[in-house]
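> Structure for the following, please:
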Amino acid sequence: MHERLRMNLRTSLAVLSLVGLLAGCGKTVPTPWSGYAEVDLVYLASSGAGTLSRLQVQRGDTVTAGTTLFQLDAAPEAYGKEAAQAQQSKASAQLADLSKGRRENELEAIQAQLQQARAALTISSAQLKRHQELVHQGFVTLAQMDELQAAQTRDKARVNELQAQLAVARDSARPDTLAAAKAELQAASAQVSQQRWAEDQKVRRAPVAGRVFDVLYRQGEWVAPGSPVVVLLPDHAVTVRFYVPQAALSQTRVGQTVRYACDGCAPGTATIRYVSPQAEFTPPVIYSNDSKDKLVYMIEAIPDAHNGDALKPGQPLSVTHGNAAQPT
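Numbering: from 1, shown residues only. Below is the predicted model:
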């Protein structure tokens, strides 16, 4: 009886030893970290308000960079641009007019007046010279000489006045007046550019290639300023976001490769690009030394070789180190 018990005990110990050896020789599968597929969407909106006049894409459409997505009614901006262009033409004409002298017929009129003034000066100068000889002979009084000298002075001043008017008429406006006209032209040109920009904002094009993730308005609806109309999912924009506990934080760093897997998709690899410096709690608990094992850090990784194109935003993922085997 005792001999049989001893044999059973030896058999049990051998089995336990074999189990221990097998457990020691096997590879330990690490516990995967929880994560999900994250994406940075592009929300396309117009800076102005208006009725959605054209919607050229639908949810799920694939677009290339530069593809027209939608257009708002741009009639107010078009009218404003026409008014600004008219103001620009007016300012340009005023500057051109101030940059040159008077018209040819105005110059001819001043020249004719100058000729008359010179003729009058010639006559008054001749009369003064002739009467100066008669003064010595006593035929002309000093009062008459004063009148003749005054007439010559008057005619000479008239000639100088018309010469100055002719010079001013031939020249352009004063520098300050020209500078003011140039400033008005620049302001009008800037107004045209502003109205053209506002009109262009009513047409939105895809900044990058991608897929239309969502359409938030329908044709004919009123769109407020800055309200997104089309949401675009750029190509290769899906990232792997996962959370690691505080104890494993030292094992993760930027540039490190991780592996991810999900239900119904092929496993892939990703490269860590960001490690959050701020800790978070998995459930809302009050921090204490006993609960520090619940601290986790958010990490983002970029899928390699466009593996992330098959991932869907919000899709749950399990993530491990790149050199670790994925759990089955």
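
> same for the helix or strand hosting Phe213, what does it pack against?
Using DSSP states H and E, Phe213 maps to strand 210-215. Judged by 3 or more CB pairs under 8 Å, 6 or more residues apart in numbering; DSSP states H and E, strand 210-215 is in contact with strand 62-63, strand 228-234. In short, each C-beta sits where N, CA and C put it, glycine included.

> Run the chain-centre distance for it.
Chain-centre distance of strand 210-215: 22 Å, with CA atoms, centre = their mean, to the nearest Å.

> partner strands of the helix or strand just after it, parallel or antiparallel?
Note on strand 210-215: by DSSP H and E, the next helix or strand toward the C-terminus is strand 222-223. Applying DSSP bridges to the sheet, strand 222-223 is found paired with strand 50-55 (antiparallel).

> List the buried residues for the strand it pairs with?
Within strand 50-55, the residues scored as buried using 16 or more other CB atoms under 10 Å are Gly50, Leu52, Leu55.

> Kindly report the same for stretch 215-225.
The neighbour-count check on stretch 215-225 (16+ other CB under 10 Å) flags Val215, Tyr217, Val223 as buried.

> Surely Ala49 is in contact with Tyr217?
No - Ala49 lies out of contact with Tyr217 (CB atoms under 8 Å); the separation is 12.0 Å.

> anything in contact with each of those two?
In terms of CB atoms under 8 Å, 6 or more residues apart in numbering, Ala49 and Tyr217 are both contacted by the residues Val223.

> contact partners of the biggest strand by length in the chain?
Ranked by residue count, the top strand of the chain under DSSP state E comes out as strand 265-281. Residues outside strand 265-281 that contact it (CB under 8 Å, 6+ apart): 239-240, 243, 246, 249, 252-261, 287, 291, 294-304, 307-308, 310-311, 315, 319, 322, 326.

> What of stretch 239-248?
33-40, 251-252, 258, 260, 270, 273, 279-280, 282, 292-303, 308, 311, 317, 319.

> coming back round to it: so among the contacts of strand 265-281, which ones count as buried?
Neighbour-count burial (16+ other CB under 10 Å) applied to the contacts of strand 265-281 gives 239-240, 243, 249, 252, 256, 258-261, 294-303, 307-308, 311, 315, 319.

> Take those and keep only those in helices.
Among the buried ones among the contacts of strand 265-281, DSSP state H puts none in helices.

> So which of these are in strands?
In strands, defined here by DSSP E, the members of the buried ones among the contacts of strand 265-281 are 239-240, 243, 258-261, 295-303, 319.

> can you map out the helices along the stretch 1-150 of the chain?
Secondary structure of the stretch 1-150 of the chain (DSSP state H, counting those that start in this stretch): helices at 2-25, 75-98, 104-137, 142-170.

> that older thread, now the buried residues of strand 50-55 in TSV, with pLDDT and distance to Asp200?
As requested, the buried residues of strand 50-55 are exported to TSV (pLDDT from 0 to 100; distance: CB to CB, whole Å):
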residue	pLDDT	distance to Asp200
Gly50	90	13
Leu52	93	17
Leu55	94	18
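
> Pick the most buried one from the helices and strands packed on strand 210-215.
Of all the helices and strands packed on strand 210-215, strand 228-234 has the most neighbours on average by mean count of other CB atoms under 10 Å, namely a mean of 21.
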